[in-house]
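K.L.:
Next comes the sequence, and after it the predicted model I'd like to discuss.
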2 protein chains.
Amino acid sequence: MKSVGINGYGTIGKRVADAVDCQDDMKIVGVTKRTPDFEAKMAVSKGYDLYIAAPEREKLFNDAGIEISGTIDDLYDQLDIIVDCTPGGIGAKNMDNIYREKGLKAIFQGGEKHDAIGKSFNSFTNFEDAQGADYVRVVSCNTTGLCRTLNPIDELAGIKKVRAVMVRRGSDPGQIKSGPINAIVPNPPTVPSHHGPDVQTVMYGLNIITMALLVPTTIMHQHNLMVELKDSVGVDDVIDKLESTSRVLLLETEKGIDSTATVMEYARDIGRPRGDLFEIAVWKESLNIVDNELFYMQAIHQESDVVPENVDAIRAMLEMESDPSKSIEKTNRNMGISG
Amino acid sequence: MKSVGINGYGTIGKRVADAVDCQDDMKIVGVTKRTPDFEAKMAVSKGYDLYIAAPEREKLFNDAGIEISGTIDDLYDQLDIIVDCTPGGIGAKNMDNIYREKGLKAIFQGGEKHDAIGKSFNSFTNFEDAQGADYVRVVSCNTTGLCRTLNPIDELAGIKKVRAVMVRRGSDPGQIKSGPINAIVPNPPTVPSHHGPDVQTVMYGLNIITMALLVPTTIMHQHNLMVELKDSVGVDDVIDKLESTSRVLLLETEKGIDSTATVMEYARDIGRPRGDLFEIAVWKESLNIVDNELFYMQAIHQESDVVPENVDAIRAMLEMESDPSKSIEKTNRNMGISG
């Protein structure tokens, strides 16, 4: 039973904590928080030991009546690995200033730059390369979403070239200070966007070019994919391949799942914690092949799709499992993800 | 001086009325309305003769104290041409049931099907084909937007293939019954969307495939273009070409025009009527060529970009001008469109 800590119990951190906690080969030893807000209170009420990320703020937690188990410095020595879910850019500093010194393995999120961490991770494309690694970055929600469907398509037919337009949510549901409210924002306004190179950190040598924008929605990203194929296959072959691919769901407009809103309604109806959708949702009707180019549309739950990948990364880095499919299957089963 | 009538003084109709009215070779003889609302009142206060589209509703106009010049049946005989701006599908019925019988030339909007009208129109791509025509459909705002930039690129470098993802506004600013409010909607959920074939009705033989969605915004559509070129050109060549293209504006993120919201703010600041933007706005920074494929992003003001095209269509159909560039220049000058 491996001991895992979560540094930063926020949007991703709280989800990774729950995902680790429901596995049978790892456990949460502690989580950290800077602010004594409702999330800190809920961490304690869930039974997680709470450590203060900023020791000078202990009084704030005492005043708020939130029980703490110590400061973050008391946590490191109890851990086999730490999952850093701090805001983008902080993780790399923590690696250089703390984790290296403590000799502590660490996982980072997509907000960190690949070059700062040195190694990026996706369960399906390069699990093996994280075996025993000290520092690994789980790629962002968008990159994870691209890998989840591009990898099986590459296996099926070989990918010659990918073009993708990523329509991203302006902010997460709980955020009230980000926009846009009524605009479409080229983001970045230059082409290509950084998403293509980010995919290449885990799908080596893939020919991909991406464009990205922000729109006024909070619940999901949406991707428009155009994939030139090497081999000639039919749409039914692609459907069969994606239907047998883990962490990918084919959903149908004609069954009422006609937007990102109904995708998330579906996730809530199947009883997922927080209404999360760990899988990538592909609209079945959007799949089409024209001139040996595959077109499709997919939706990404930006708050949760990377969560199972964090669990798999722990197994790879701690050499608990060398076969990615076995880790993926175990993670899925414990999290209630089918397929 | 040619006599023009507007059937349907709504979003497009009121704008076409103003655009015709400021030309020196045509005039508005009357406009029609079904409902005695603020738009009907404003038509009269602007000096347009108002005709009731549904004669049985005369009492409603009388009760509202709106002065009418007669019913629509009194209007037809005074006209050289009618611009039909009724809701999608009604125009084709009007053509078959009324305009043919009256021997009246008519222009329709993009909400009508190409096959129902038989001829589609864009000022830059097929002006000549509308010379003397009886019935012409001005293509939709999205199709007009695609033609405005693809045509000069085709002239410059030859287009091998176009891929486009169209991120469309959910509803117009004045509409309160359409969504989405917080979702991204594949619309249509199948690929390709109808926009590619619609472009082909005015850019014959163009190789184009499109995907489309709806997002929660009201002010503009946004297009993501990927254009494989036949000839090798540089980005500067494309910039020079677009900068010298009428009804296209190159705008820069670094000068603060970083979203569709600031594009429309710009239109309001330059004093355009209703804050309209008749031009297609291209983000200059988005222009890039990779492997002889041109990438760019553009924004379309869905309420107004087709308006100057309606004026040009009148000149072509009434054989007032045989040279498209002369009509375009005249329309632009009278409407205050530069370039």
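P.N.:
That came through, no problem. Numbering: from 1, shown residues only, chains lettered A, B, ... in the order given.
K.L.:
So what does the closest residue in space to A:Ser140 that isn't next to it in sequence look like in phi/psi?
P.N.:
Computed as CB to CB, 6 or more residues apart in numbering or on different chains, the closest residue to A:Ser140 that is not its neighbour in sequence is A:Gly110, at 2.7 Å. Every residue, glycine included, has its C-beta placed from N, CA and C. Main-chain dihedrals, A:Gly110, degrees, to the nearest 10: phi -70, psi -10.
K.L.:
hang on, isn't A:Gly110 packed against A:Leu146?
P.N.:
No: here A:Gly110 lies out of contact with A:Leu146, judged by CB atoms under 8 Å, at a distance of 11.7 Å.
K.L.:
The two: which has the busier surroundings?
P.N.:
A:Leu146 (30 against 21; other CB atoms under 10 Å in any protein chain shown).
K.L.:
how about the residues of the stretch 101-250 of chain A that lie near chain B?
P.N.:
A:163, A:165, A:167, A:180, A:182-186, A:189-192, A:209, A:211, A:213, A:215-220, A:222, A:224, A:226 (CB under 8 Å from any CB of the partner chain).
K.L.:
Need the three-state assignment for A:Glu265.
P.N.:
Three-state call for A:Glu265 (DSSP: H, G, I helix; E, B strand; the rest coil): helix.
K.L.:
measure A:Thr125 to chain B for me?
P.N.:
Remark: distance between A:Thr125 and chain B (CB to the nearest CB, to the nearest Å) = 23 Å.
K.L.:
Over to that residue. Which of the three states is it?
P.N.:
coil.
K.L.:
That one touches A:Val202, doesn't it?
P.N.:
Yes: using CB under 8 Å, A:Thr125 is in contact with A:Val202, at 4.7 Å.
K.L.:
Give me the more crowded residue out of these two.
P.N.:
Using other CB under 10 Å as the criterion, A:Thr125 and A:Val202 rank with A:Val202 on top: 28 against 23.
K.L.:
Check which helices and strands the helix or strand hosting A:Lys59 sits against.
P.N.:
For A:Lys59, the host element (DSSP states H and E) is helix A:58-63. Under the contact criterion of 3 or more CB pairs under 8 Å, 6 or more residues apart in numbering or on different chains; DSSP states H and E, helix A:58-63 touches no helix or strand at all.
K.L.:
The helix or strand just after it - contacts with which helices or strands?
P.N.:
Where DSSP H and E defines the elements, the next helix or strand beyond helix A:58-63 is strand A:70-71. Counting by 3+ CB pairs under 8 Å, 6+ apart, the packing neighbours recorded for strand A:70-71 are strand A:50-52.
K.L.:
Need the residues that contact the strand it packs on.
P.N.:
A:5, A:9, A:30-34, A:40, A:43-44, A:58, A:61, A:66-72, A:74-75 (CB atoms under 8 Å, 6 or more residues apart in numbering or on different chains).
K.L.:
Just the buried residues of that strand, please?
P.N.:
A:Leu50, A:Tyr51, A:Ile52 (16 or more other CB atoms under 10 Å in any protein chain shown).
K.L.:
Please work out the average pLDDT along the host helix or strand of A:Val165.
P.N.:
Secondary structure from DSSP H and E places A:Val165 in strand A:159-169. For strand A:159-169, the mean pLDDT works out to 98.
K.L.:
Repeat that for stretch A:235-245.
P.N.:
98.
K.L.:
on that earlier part again, the residue nearest to A:Ser140 and A:Thr190: what is the separation?
P.N.:
20 Å (CB to CB, to the nearest Å).
K.L.:
Please compute how far the biggest helix by length in chain A lies from its chain's middle.
P.N.:
Of all the segments of type helix in chain A, defined by DSSP state H, the longest one is helix A:141-157. Helix A:141-157 has its C-alpha centroid displaced from the chain centroid by 14 Å (CA atoms, centre = their mean, to the nearest Å).
K.L.:
And stretch A:178-188, by the same measure?
P.N.:
Distance, centroid of stretch A:178-188 to centroid of chain: 22 Å (CA atoms, centre = their mean).
K.L.:
got the CA coordinates for it in PDB?
P.N.:
Extracted as PDB, the C-alpha positions of stretch A:178-188 are listed here (Å, rounded to 0.1, in the frame of the first residue of the first chain):
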ATOM      1  CA  SER A 178     -12.900  34.900 -15.600                       C
ATOM      2  CA  GLY A 179     -14.700  35.500 -19.000                       C
ATOM      3  CA  PRO A 180     -15.700  35.800 -21.700                       C
ATOM      4  CA  ILE A 181     -19.400  36.400 -21.000                       C
ATOM      5  CA  ASN A 182     -20.400  37.300 -24.600                       C
ATOM      6  CA  ALA A 183     -17.500  36.900 -27.000                       C
ATOM      7  CA  ILE A 184     -15.400  34.400 -28.800                       C
ATOM      8  CA  VAL A 185     -11.700  34.800 -28.000                       C
ATOM      9  CA  PRO A 186      -8.900  33.600 -30.300                       C
ATOM     10  CA  ASN A 187      -6.700  32.100 -27.600                       C
ATOM     11  CA  PRO A 188      -4.000  32.100 -28.600                       C
END
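K.L.:
Would you write a PyMOL line that selects the buried entries of the contacts of strand A:50-52?
P.N.:
To isolate the buried ones among the contacts of strand A:50-52 in PyMOL, judged by 16+ other CB under 10 Å, type:
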select buried, chain A and resi 5+9+30+31+32+33+34+40+43+44+61+66+68+71+72+75
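K.L.:
got the contact list for the helix holding A:Lys59?
P.N.:
By CB under 8 Å, 6+ apart, helix A:58-63 touches A:Thr35, A:Pro36, A:Ala40, A:Ile52, A:Ile68, A:Thr71.
K.L.:
Just give the number of residues close to the second one.
P.N.:
Just to be clear, that refers to A:Pro36. A:Pro36 has 21 nearby residues by other CB under 10 Å.
K.L.:
ok, and the closest non-adjacent residue to it?
P.N.:
A:Ala64 (3.8 Å).
K.L.:
residue boundaries of the strands in the stretch 201-339 of chain A?
P.N.:
A:208-215, A:221-229, A:248-251, A:280-283, A:288-290, A:293-300 (DSSP state E, counting those that start in this stretch).
K.L.:
Just send these back as a markdown table, with mean neighbour count too.
P.N.:
Formatted as a markdown table, the strands of the stretch 201-339 of chain A follow (neighbours: other CB atoms under 10 Å in any protein chain shown):
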| stretch | mean neighbour count |
| --- | --- |
| strand A:208-215 | 24 |
| strand A:221-229 | 23 |
| strand A:248-251 | 21 |
| strand A:280-283 | 25 |
| strand A:288-290 | 15 |
| strand A:293-300 | 26 |
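K.L.:
Same list (those strands) but as JSON lines, adding mean pLDDT.
P.N.:
Output for those, formatted as JSON lines (pLDDT from 0 to 100):
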{"stretch": "strand A:208-215", "mean pLDDT": "98"}
{"stretch": "strand A:221-229", "mean pLDDT": "98"}
{"stretch": "strand A:248-251", "mean pLDDT": "98"}
{"stretch": "strand A:280-283", "mean pLDDT": "98"}
{"stretch": "strand A:288-290", "mean pLDDT": "98"}
{"stretch": "strand A:293-300", "mean pLDDT": "98"}
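K.L.:
Which of these sits closest to B:Asn334?
P.N.:
strand A:208-215 (34.9 Å; CB to CB).
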